[in-house]
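Peer 1: only the shape, not the letters, is given here:
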């Protein structure tokens, strides 16, 4: 039967004798609908990416008298630079505890839309900046927006997706984040400080306009007992009629009724064995994501290439890295539901360690070797970073967030998402804040440390992370709680 075939509700129920399950098989799911909604939601991730990549082109400008809007120059190794890079993490670790409960109260959609307010205010501050304190405030407020996106977006995308698409839609977040990073990498070095702020403020506004027309999560509607709205949302997301989505709507309603009857608290995450296991897996993956040193690379890539003195223009080398991120991140949605989460994460952790150790070796030779030794390895930083970026963007970049979106039951999902998102940014803050101090001593120390932690991440995935490929949300819960099929 053609994928475009459709029956009226009455005709279909007559054809199937009133049984809706054969009807669902006769009226196939339009997967493009859920990808369209996930795409719209991830425009917020594109805006988030522009915030993460912002410091790479901006820090060199703040160190040039002709570029900076400030009265003083800021060196990339100064304490001010450390605060500018890391304050976004401070904001992002606080707001998940607001965004999580808000997602249950006003919905995933409007919580995600709320991030626009923070991003716009932050860039207005950057446009009117007079002193370093205003940059600090702007970066902190950017972090508020980042926290909202990283809490609400995985919840929304995980709940709108069918079982066979959830890995792919959940992986889109990383693709859009690195797309936003490439956006500022490509524009930032070639425009003024002010022009870059205008280029960035457009992104959250575009997201708000596009995502406004997408449906709310059917799980949220079900949690409020709005059965007709649940069905309408599913009709849009599945491209099917009301009769075709009826069985799925009833299943979602049953899940949410059970969740409401056993409304969870933070204590329940630790009391329940399945929830504890989910927390260990999700928080562990997010922790190693940050401890891989990715934010150091993203926030300081232009400075890293400048210090490496490879002969390549630092801005151009950074754009190359950004382009590689986008290409590599586009691979994961294609392969994740075929290969599974765990094999990709294992490859990612092991190869990241190789790239980081090689990068550390270059900086070690640069500091302690003679000129002939350095000349022999001038080629090394760019391929080492590119290898690192490729495997990060196919594994530890997107998959921890995809796993988070599917790992927790509905009654504790918002609380757990808040905890995990905050874990991400607590570690992100410490890594980005202390990197300039390590860089001043010798960047090779930092990169070797990150490489060692990637080796630890490999064994964490090997022994603790379970595979969720092809499993429904309920089957994942059964597996976490040790229930046999």
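Peer 2: Sure thing, it's come through. Model, not experiment: these values are computed from the prediction. Residues are numbered from 1 along each chain as shown.
Peer 1: how far out from the middle of the chain is stretch 429-438?
Peer 2: Relative to the mean C-alpha coordinate of its chain, stretch 429-438 is positioned 21 Å out (Cα atoms, centre = their mean, to the nearest Å).
Peer 1: so where's this protein uncertain?
Peer 2: Within the chain, the set of residues satisfying pLDDT under 70 comprises 1-26, 76-77, 298-304, 307-312, 439, 484-485.
Peer 1: so where do the strands sit in it?
Peer 2: Secondary structure of the chain (DSSP state E): no strands located.
Peer 1: what's the spacing between residue 187 and residue 277?
Peer 2: Computed as Cβ to Cβ, to the nearest Å, the residue 187 to residue 277 distance reads 44 Å. C-beta: built from backbone N, CA, C; applies to glycine.
Peer 1: one more: residue 409?
Peer 2: Distance of residue 409 to residue 277, given as Cβ to Cβ: 12 Å.
Peer 1: residue 116 now?
Peer 2: With the distance defined as Cβ to Cβ, residue 116 ends up 35 Å from residue 277.
Peer 1: ok, the nearest residue to residue 217 once chain neighbours are set aside - contacts?
Peer 2: Using Cβ to Cβ, 6 or more residues apart in numbering and skipping the chain neighbours, the partner closest in space to residue 217 is residue 159 (4.2 Å). Each residue near residue 159 by Cβ atoms under 8 Å, 6 or more residues apart in numbering is listed here: 108, 217-220, 405.
Peer 1: try 10 Å
Peer 2: Under the criterion of Cβ atoms under 10 Å, 6 or more residues apart in numbering, the contact list for residue 159 reads 108, 166, 216-220, 222, 233, 237, 252, 405-406, 410, 413, 473.
Peer 1: helices of the stretch 301-450 of the chain, start to end?
Peer 2: With DSSP state H, counting those that start in this stretch, the ranges of helices along the stretch 301-450 of the chain come out as 314-329, 332-339, 341-368, 371-376, 381-391, 399-407, 413-441, 443-464.
Peer 1: can you give me phi and psi for residue 292?
Peer 2: Reported as degrees, to the nearest 10, the phi and psi values for residue 292 are phi -80, psi -10.
Peer 1: kindly apply the preceding question to residue 71 instead.
Peer 2: The phi/psi pair for residue 71 (degrees, to the nearest 10) reads phi -80, psi -10.
Peer 1: residue 44 versus the nearest residue to it once chain neighbours are set aside, what's the distance?
Peer 2: Residue nearest to residue 71 in three dimensions, not counting chain neighbours: residue 131, with 7.3 Å by Cβ to Cβ, 6+ apart. To residue 44, residue 131 is 29 Å away according to Cβ to Cβ.
Peer 1: the more surrounded of those two?
Peer 2: Between residue 131 and residue 44, counting by other Cβ atoms under 10 Å, residue 44 is the more crowded of the two (32 against 12).
Peer 1: against residue 414, how distant is the more buried one?
Peer 2: Using Cβ to Cβ, residue 44 is found at 17 Å from residue 414.
Peer 1: can I assume residue 263 is in contact with residue 409?
Peer 2: No - with contact defined as Cβ atoms under 10 Å, residue 263 does not reach residue 409; the gap is 11.0 Å.
Peer 1: need the residues touching each of the two.
Peer 2: Common contacts of residue 263 and residue 409, defined by Cβ under 10 Å, 6+ apart, are absent altogether.
Peer 1: the more surrounded of those two?
Peer 2: When neighbours are counted by other Cβ under 10 Å, residue 409 comes out ahead of the other of residue 263 and residue 409, with 24 against 12.
Peer 1: now the phi/psi pair for that one, please.
Peer 2: Reported as degrees, to the nearest 10, the phi and psi values for residue 409 are phi -70, psi 160.
Peer 1: now do the same contact list for it.
Peer 2: Residues counted as contacts of residue 409 (Cβ under 10 Å, 6+ apart) are 255, 258-259, 262, 264, 268-269, 272, 274-275, 278, 416, 473-474, 476-477, 480-481.
Peer 1: rerun that using 6 Å as the cut-off
Peer 2: residue 477 (Cβ atoms under 6 Å, 6 or more residues apart in numbering).
Peer 1: and residue 252, by the same measure?
Peer 2: If you count contacts by Cβ under 6 Å, 6+ apart, then residue 252 has 218-219, 222 around it.
Peer 1: could you find the closest non-adjacent residue to it?
Peer 2: The shortest distance from residue 252 to any residue other than its chain neighbours is 4.8 Å, reached at residue 222 (Cβ to Cβ, 6+ apart).
Peer 1: how many neighbours does the one you found have?
Peer 2: By other Cβ under 10 Å, neighbour count at residue 222 equals 28.
Peer 1: just the one 5 residues further on next, same as before
Peer 2: Other residues within reach of residue 227 by the criterion other Cβ under 10 Å amount to 15.
Peer 1: same question, the one 10 residues further on
Peer 2: Burial measure for residue 237: 27 neighbouring residues, criterion other Cβ under 10 Å.
Peer 1: if we can go back for a sec, quick check on the residue nearest to residue 71: phi, psi?
Peer 2: Reported as degrees, to the nearest 10, the phi and psi values for residue 131 are phi -150, psi 170.
Peer 1: adjust the sequence numbering to begin at 778 for everything that follows.
Peer 2: New numbering, starting at 778: the last item is residue 908.
Peer 1: tell me the spacing between the residue lying closest to residue 822 once chain neighbours are set aside and residue 818.
Peer 2: With Cβ to Cβ, 6+ apart as the measure, residue 953 is the residue that lies nearest to residue 822, at 3.8 Å, once sequence neighbours are left out. Taking Cβ to Cβ as the measure, residue 953 falls 9 Å from residue 818.
Peer 1: which of these two has more neighbours?
Peer 2: For the pair residue 953 and residue 818, the greater number of neighbours falls to residue 818 (29 against 25), based on other Cβ under 10 Å.
Peer 1: mind listing what residue 1013 touches?
Peer 2: If you count contacts by Cβ under 6 Å, 6+ apart, residue 1013 has them with residue 992.
Peer 1: what's the answer for residue 828, then?
Peer 2: Residue 828 makes contact with residue 919 under the criterion Cβ under 6 Å, 6+ apart.
Peer 1: now do it against residue 1061, distance only.
Peer 2: 25 Å.
Peer 1: again, but for residue 1231
Peer 2: Taking Cβ to Cβ as the measure, residue 1231 and residue 1061 are separated by 13 Å.
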